[in-house]
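>>> would you be able to build a 3D model of this:
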Amino acid sequence: MKSAIAVVGECMLQLGELQQADDPNALNAKLSYGGDTLNTALYLSRLGVQVDYVTAVGDDSMSDWLINCWQQEGIGCEHVERFAGGVPGLYLIELDAQGERTFKYWRKGSPASRLFDEPARAERLYAHLSGYPNLYLSGITLALYKTEALASFLKFLREYAQGGGKVFFDGNYRASLWSSPSAALEAFKAVYSVTEVALPTLDDEIQVTGINDPELAIAQLKKWGVKEVALKMGEKGSIVSHGSCLQRIPTHSINIVDTTSAGDSFNAGYISARLGGKTPAESADQGNRLAAVVIQHRGAVIAANLMPF
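Sure thing, here's the model as predicted:
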């Protein structure tokens, strides 16, 4: 149970690879699933970490399909709530010629966004989460919740960390999910103050904080209370900071096909290595190696036989 981790967030139905159908009034599309925290949970499970996903879905056939897929990947679903009449959120990923992504969401009022709305349900879930030694969430997780539910969740995170729980957090900023960068920053700072390991992306930090120097970005995170930082910088690799040590970890030269889940898979590689006793530098290298394989294939989730370790 030492390496067990609870992951809080949302998984949605994913539309991708839109193509014109024979019918001029229709498009063909591949329907799959994804979401930043679910992607990380899946790769953590494949890497041998005991992981439980904490979210909400509906009571429809597509929600049944999602849960079945997660269970097939070894993800614990005991704390997946089912909302009567609810349906999963939906998003579309569009890729440019360089494999970079843009997102469009249809998720307002989704079950996951209402997970902590009812105080009784929230307290029950918090009691369950308190039993895990590790907890992972992202900025997208925070963007899901209404003001009162977010305040309740942030209060729980403070109590969780005070009780010895370790929080792993990736800011993963999506501008379309927030009213402003300052609104996101306020929530992020509350989580950073109790974060054991932060796994941000430099591009996100630039948008939210305005800091474009990686070492200054790391220094600011530590001022807010973060103990350990693994800063992702795309093709420039990553920088890890633990204590007074600062190390640059190079990435691997590859042919990029689709950057979807690059950061999510890095996070899984890093977290699994750290929970397994590896150093921050070794963990970042494992994260880089997994992400390098993932982005050579289309979609957030690669086939299990393509896993590099």
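>>> ranges for the strands of the stretch 1-150 of the chain?
Remark: strands assigned in the stretch 1-150 of the chain by DSSP state E, counting those that start in this stretch are 5-8, 12-20, 27-34, 51-58, 80-83, 90-95, 101-106, 134-138.
>>> parallel or antiparallel, list what pairs with the longest one.
The one in question is strand 12-20. According to DSSP bridges, strand 12-20 forms sheet pairs with strand 27-34 (antiparallel), strand 90-95 (parallel).
>>> report the backbone C-alpha coordinates of the shortest one in CSV.
Right, strand 90-95. Only the C-alpha atoms of strand 90-95 are listed here, as CSV (Å, rounded to 0.1, in the frame of the first residue of the first chain):
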residue,chain,number,x,y,z
LEU,A,90,-16.9,15.3,-24.4
TYR,A,91,-13.9,17.0,-26.0
LEU,A,92,-12.3,17.3,-29.4
ILE,A,93,-8.6,17.4,-30.1
GLU,A,94,-7.4,19.0,-33.3
LEU,A,95,-3.8,18.6,-34.4
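>>> so how far is it off the chain centroid?
16 Å (CA atoms, centre = their mean, to the nearest Å).
>>> now do that strand against strand 101-106, angle only.
Strand 90-95 runs at 160 degrees relative to strand 101-106, counting by axes from the mean of the first three to the mean of the last three CA atoms, to 10 degrees.
>>> right, so the strands paired with strand 12-20: which one is the most enclosed?
Comparing the strands paired with strand 12-20 by mean neighbour count (mean count of other CB atoms under 10 Å), strand 90-95 ranks first with a mean of 16. From N, CA and C alone the C-beta is placed, and that goes for glycine too.
>>> save the strands of the stretch 1-150 of the chain as TSV, and put in mean pLDDT and distance to residue 244 too.
Output for the strands of the stretch 1-150 of the chain, formatted as TSV (pLDDT from 0 to 100; distance: least, CB to CB, whole Å):
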stretch	mean pLDDT	distance to residue 244
strand 5-8	98	27
strand 12-20	86	41
strand 27-34	89	38
strand 51-58	98	32
strand 80-83	98	41
strand 90-95	83	40
strand 101-106	81	36
strand 134-138	98	24
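>>> can you lay out those strands as JSON lines showing distance to residue 201?
Output for the strands of the stretch 1-150 of the chain, formatted as JSON lines (distance: least, CB to CB, whole Å):
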{"stretch": "strand 5-8", "distance to residue 201": "18"}
{"stretch": "strand 12-20", "distance to residue 201": "20"}
{"stretch": "strand 27-34", "distance to residue 201": "17"}
{"stretch": "strand 51-58", "distance to residue 201": "22"}
{"stretch": "strand 80-83", "distance to residue 201": "27"}
{"stretch": "strand 90-95", "distance to residue 201": "17"}
{"stretch": "strand 101-106", "distance to residue 201": "13"}
{"stretch": "strand 134-138", "distance to residue 201": "11"}
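>>> can you tell which of those strands is closest to residue 306?
Across the strands of the stretch 1-150 of the chain, residue 306 has its closest neighbour in strand 27-34 (15.7 Å, CB to CB).
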